[in-house]
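**Student:** show me how the following folds:
(chains A and B)
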Amino acid sequence: MKRSAVVLAATAAGLGFVLAYHPSGGGNAALPASVAASSKSGVGAGATAVGTDQLLKGGLGDIQVRVSAQNGKITSVGMARLNVHGPQSAQITGSVIPQLQQQVLAGNGRSIHAVSGATYTSQAYARSLQAALDKIAATGGSNAALGTGNGNGRVAVTGGGGHDD
Amino acid sequence: MGTVVSLSLAAEATTTDEAGATDDPATVALARAIIALHAADRVFSTWKPQSPMSRLRRGEIGLDEAPPEVAEVLDLCRRARDASGGWFDPWRMPGGLDPTGLVKGWAAEQALAALRGSGAPAAMVNAGGDIAVFGEPAPGEPWRIGIQHPRYEDRVLCVVELSVDGAVATSGTYQRGFHVVDPATEEPAAGLLAATVTGPSLAFADALATGLLASGGQALERVAANEGYSALTVDADGRMRATPGFPVAVELAMAR
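**Tutor:** All right, here's what the predicted structure looks like:
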C-alpha cells in the first residue's frame, strides 16, 4: 500500500476547485481519464443538475469530475482528471505556520484541526490560518488534520483552495 | 462572493494502478462532497441571476416551482429566526429575501453527509470558517478547532473541542466589514467584533452566529437557550463573553 495524501479544495460559490494529489514523496501527478466509481445513490437534492465531465479550475489546480446520471439519479462519480499547479501552491504562504503552531503548542501541546472564523473570501483564504493547516496536511506534516503519520494506515485527506469571482 | 471549503477525511491508504487511476473511496467521497457544494451553490447563489433563489427573490417563480431544498432551507430559516429571537431574519434584508446566513452551513452539512456516506470513520468540512464534523480524528480524541482572533489574523483566540457530531460557526466584522444587518433597523450591525456559536447543526449555528452578531450581543442568552447550543462573543473593546456550555479547551489570547 502506498501512502499518500490527497489535498482538495472546493468553493461554495461559483465553479472553481482545487485538488492537489501528492503521492508519497510529494510532487505533482495527473490522473488519466479512467477513474469512475460506482454508486447507487445520489449526492443530494439538486444533484440532478450535475453534468458529466465538468472541468473545474481554480487556485491550486484543476479537477475534472466525471458524473454519470440516469433518470435524474447519479449512478457514478469519480475523478477524471487531476492537474496540480505547483507554483500556485506556493501562494499559500508558509509564514503563518510556525507562529500558529507555536501558539497552539504553547496552549496545550496538541495541534488543532481547523480554524473557525468570519467568512473569508477566496482571496483572503490564501493568508488564512486554515490555509496554513491545509498546507501542513498537504505536505504530510505531522500536524496534519486526521493524523498523517500516525502509523495506523490512514492517510490525511484535507485541502484548501479557491476561485475568483 | 466566493469562499473556500476545506474537506478532511479519514481514509484507508490510497492505491493507484500503473496508469495512475484510482477508485479509492476517499477520492470518490471527496468528489461527491464537492458536487454537493456546487449543487447547493447553483440553487441558492444570490450572485447568480438565474439561480432558483435569485428567481424566487425577483418573484419570477414561486416556492412550489423551486427545487425542494429551497423550501427545506426556508423552513430551517424560519426556525432559526425564532431560535435567535428574531435577530436572524432572512426576510428582512435590504435586498429582499436572503438566506445566505444559513445556506453556507447547510451546504457544508450536505458535503459532510456525502463524506459520511462513504463509510469513512471521521470527516470535517470547513466552509469559509464554519465547521461541521463527525467521528473522532483519532481514537478517543475530540476535534480541536481554533477560533480566529478578530484582531490578529495569524492568531487564534481559543481552542474549542467538538465531540462526535458537532459544529462551530463564527460571524465577524473583521473579514468583510459590516456586512451583517440588524433586521430591526436594516442598518449594519455594530458592537461586536465576532460571534461564535457551537451546536449539533451547522446550518443552525451559522444562522445563530449571524443573528448574534446582528444583535450586537443582545441575543447571547437567547441563542444559548437553544438545547445543545452555546456561544462566545468578542466586543469592540476585546471583552469576551461565553455562555455556560461553550466548549473552550484552551484559552490562548486576550481579544484586545
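**Student:** CA atoms for contacts and neighbours, from now on please.
**Tutor:** OK.
**Student:** and B:V197, what does it touch?
**Tutor:** By CA atoms under 8 Å, 6 or more residues apart in numbering or on different chains, B:V197 lies in contact with B:V168, B:A169, B:T170, B:A205, B:D206, B:L208, B:A209, B:Y229, B:S230, B:A231, B:L232.
**Student:** and it, helix, strand or coil?
**Tutor:** strand (DSSP: H, G, I helix; E, B strand; the rest coil).
**Student:** not counting sequence-adjacent ones, nearest residue to it?
**Tutor:** Nearest-residue entry for B:V197: B:A231, 4.3 Å, with adjacent residues in sequence omitted and distances by CA to CA, 6 or more residues apart in numbering or on different chains.
**Student:** name the helices or strands packed onto the helix or strand that B:L9 is a member of?
**Tutor:** Element membership for B:L9, per DSSP states H and E: strand B:5-12. Packing partners of strand B:5-12 (3 or more CA pairs under 8 Å, 6 or more residues apart in numbering or on different chains; DSSP states H and E): strand A:4-10, strand A:154-158, helix B:25-44, strand B:123-127.
**Student:** count of neighbours near B:L97?
**Tutor:** B:L97: 18 surrounding residues under other CA atoms under 10 Å in any protein chain shown.
**Student:** in three-state terms, label it for me.
**Tutor:** Going by three-state DSSP: B:L97 is coil.
**Student:** give the contact list for it.
**Tutor:** B:R57, B:P90, B:W91 are the contacts of B:L97 under CA under 8 Å, 6+ apart.
**Student:** quick check: it vs B:T198, distance?
**Tutor:** Here the criterion is CA to CA, to the nearest Å. By it, B:L97 lies 25 Å from B:T198.
**Student:** if we can go back for a sec, can I get the contacts of B:V197 in CSV with secondary structure, neighbour count and pLDDT?
**Tutor:** Below are these laid out as CSV (DSSP: H, G, I helix; E, B strand; the rest coil; neighbours: other CA atoms under 10 Å in any protein chain shown; pLDDT from 0 to 100):
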residue, secondary structure, neighbour count, pLDDT
B:V168, strand, 34, 97
B:A169, strand, 34, 97
B:T170, strand, 31, 95
B:A205, helix, 32, 97
B:D206, helix, 32, 95
B:L208, helix, 40, 97
B:A209, helix, 33, 96
B:Y229, coil, 23, 97
B:S230, strand, 25, 96
B:A231, strand, 28, 96
B:L232, strand, 24, 95
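**Student:** and residue 114, how many neighbours?
**Tutor:** Looking at chain A here, since you left the chain open. Around A:A114 there are 29 residues (other CA under 10 Å).
**Student:** nope, chain B
**Tutor:** 24.
**Student:** are any of the contacts of B:L97 buried, and which?
**Tutor:** B:R57, B:P90, B:W91 (16 or more other CA atoms under 10 Å in any protein chain shown).
**Student:** what bridges to A:V115?
**Tutor:** Beta-bridge partners for A:V115, by DSSP bridges, are B:G146.
**Student:** no no, B:V168
**Tutor:** B:I131, B:T198.
**Student:** can you pull the contacts of B:L74?
**Tutor:** B:P99.
**Student:** would you say it is within a strand?
**Tutor:** No: read with three-state DSSP, B:L74 is helix and lies in no strand.
**Student:** low-confidence ranges in chain A?
**Tutor:** In the predicted model, chain A carries pLDDT under 70 at residues A:1-110, A:121-123, A:126-127, A:132, A:134-165.
**Student:** my bad, should have said the stretch 101-250 of chain B
**Tutor:** For the stretch 101-250 of chain B, the ranges with pLDDT under 70 are B:175-181, B:183-184, B:186-190, B:250.
**Student:** that one against chain A: which residues are in contact?
**Tutor:** Within the stretch 101-250 of chain B, the residues that sit near chain A (CA under 8 Å from any CA of the partner chain) are B:104, B:107, B:110, B:114, B:126-131, B:137-138, B:143-149, B:153-156, B:159, B:168-176, B:194, B:196, B:250.
**Student:** now a PyMOL select for only the buried ones of those.
**Tutor:** Applying 16+ other CA under 10 Å to those leaves a buried subset, and the PyMOL line that selects it is:
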select buried, chain B and resi 104+107+110+114+126+127+128+129+130+131+137+138+143+144+145+146+147+148+149+154+155+156+159+168+169+170+171+172+173+174+175+194+196+250
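**Student:** strands along the stretch 101-250 of chain B, start to end?
**Tutor:** Taking DSSP state E, counting those that start in this stretch, the strands of the stretch 101-250 of chain B run over residues B:123-127, B:130-134, B:143-148, B:156-162, B:165-172, B:181-182, B:187-188, B:192-199, B:230-235, B:240-242, B:248-251.
**Student:** still on that earlier bit, can you lay out the contacts of B:V197 as CSV showing distance to B:R239?
**Tutor:** As requested, the contacts of B:V197 are exported to CSV (distance: CA to CA, whole Å):
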residue, distance to B:R239
B:V168, 20
B:A169, 19
B:T170, 16
B:A205, 21
B:D206, 22
B:L208, 20
B:A209, 17
B:Y229, 21
B:S230, 17
B:A231, 14
B:L232, 10
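**Student:** pick the one among these closest to chain A.
**Tutor:** B:T170 (4.9 Å; CA to the nearest CA).
**Student:** so who does that closest one touch?
**Tutor:** A:116-119, B:129-130, B:194-197, B:206, B:209-210.
**Student:** please name the residues that touch the residue lying closest to it once chain neighbours are set aside.
**Tutor:** Leaving aside its sequence neighbours, B:T170 sits nearest to B:T196 (CA to CA, 6+ apart; 4.2 Å). B:T196 sits next to A:G117, B:V168, B:A169, B:T170, B:S171, B:A209, B:A231, B:L232, B:T233 when contact means CA under 8 Å, 6+ apart.
**Student:** so what's the third one closest to, chain neighbours aside?
**Tutor:** Closest residue to B:A169 in three dimensions, ignoring its sequence neighbours and counting by CA to CA, 6+ apart: B:D130, at 4.3 Å.
**Student:** the one you found against B:G105, yeah?
**Tutor:** Yes: between B:D130 and B:G105 there is a contact at 6.6 Å, judged by CA atoms under 8 Å.
**Student:** tell me, what's touching those two both at once?
**Tutor:** B:A169, B:L202, B:D206.
**Student:** can you count the residues close to the second one?
**Tutor:** Counted by other CA under 10 Å, the residues lying close to B:L202 total 27.
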